[in-house]
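[1] My questions are about this predicted structure, shown below with the sequence.
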Amino acid sequence: MTIHQLSVFVENKSGTLLQVLELFKEAGIQLIASTISDTVEYGIYRIICSEPQRAYDTLKQAGISVSMSEVFAITLDNTPGQAANAVRRFSEAGIGISYLYSFLLGGKGILVFRTDNNDLTRDVILTHRMNYIDEQALTAI
């Protein structure tokens, strides 16, 4: 029900993002989705990729500060309002969403998010029969 996400801490200076992307290129690791949030001095580059453990190891070996965490990923029909409907279910259950990003893959909307209560999030997903995605399915779409 969850997928692995890498969080890479990158300095806000020219070339640091390129270093991460070049390492992935050399290792043959495919990016599926990514987003950067930044502060004045550094950014957090969140990545969903084809081989998260190998990507993590590759970055660590290069001396890059990276962590791996589990996040939820659900699929939605690609129609207006579907994200709002999904987030409403979590909100009504009292679940806080720490961050969320989305993308289209294979004609479906994918919401990737982290919450403040993983157990309750799983319950909401199952209770409402939401379509979740795992890493194997994510790379097969």
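    That came through fine.

[2] So for the helix or strand hosting residue 34, mean pLDDT?
    Here residue 34 sits within strand 31-38, counting by DSSP states H and E. Averaged over strand 31-38, pLDDT sits at 91.

[3] Where does pLDDT dip in the chain?
    For the chain, residues meeting the criterion pLDDT under 70 lie at 139-141.

[4] Output the longest strand belonging to it.
    Counting residues, the longest strand found in the chain (DSSP state E) is strand 66-77.

[5] Skipping adjacent residues, who's closest to residue 16 in space?
    If the residues on either side of it in the chain are set aside, residue 16 comes closest to residue 10, at 4.4 Å by CB to CB, 6 or more residues apart in numbering. Where you see a C-beta, it was placed from the backbone N, CA and C, and this is true even at glycine.

[6] For the nearest residue to residue 116 once chain neighbours are set aside, give me its contacts.
    In space, and not counting its chain neighbours, residue 116 is closest to residue 96: 4.2 Å by CB to CB, 6+ apart. By CB atoms under 8 Å, 6 or more residues apart in numbering, the contact list for residue 96 reads 115-117.

[7] repeat for residue 59
    Contacts of residue 59 by CB under 8 Å, 6+ apart are 6, 8, 20, 23, 66.

[8] Then residue 115?
    Listed by CB under 8 Å, 6+ apart, the contact partners of residue 115 are 72, 90, 95-98, 121.

[9] and if you look at residue 21?
    residue 31.

[10] distance of it from residue 31?
    8 Å (CB to CB, to the nearest Å).

[11] try residue 71
    For residue 71, the distance to residue 31 equals 15 Å [CB to CB].

[12] Give me the neighbour count for residue 31.
    Neighbour count for residue 31, taken as other CB atoms under 10 Å: 14.

[13] quick one: the residue nearest to residue 16 from residue 46, how far?
    Taking CB to CB, one finds residue 10 at 11 Å from residue 46.

[14] Tabulate the contacts of residue 115 in a markdown table, adding columns for distance to residue 54 and secondary structure.
    As requested, the contacts of residue 115 are exported to a markdown table (distance: CB to CB, whole Å; DSSP: H, G, I helix; E, B strand; the rest coil):
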| residue | distance to residue 54 | secondary structure |
| --- | --- | --- |
| 72 | 22 | strand |
| 90 | 31 | helix |
| 95 | 31 | coil |
| 96 | 32 | coil |
| 97 | 29 | strand |
| 98 | 26 | strand |
| 121 | 27 | helix |
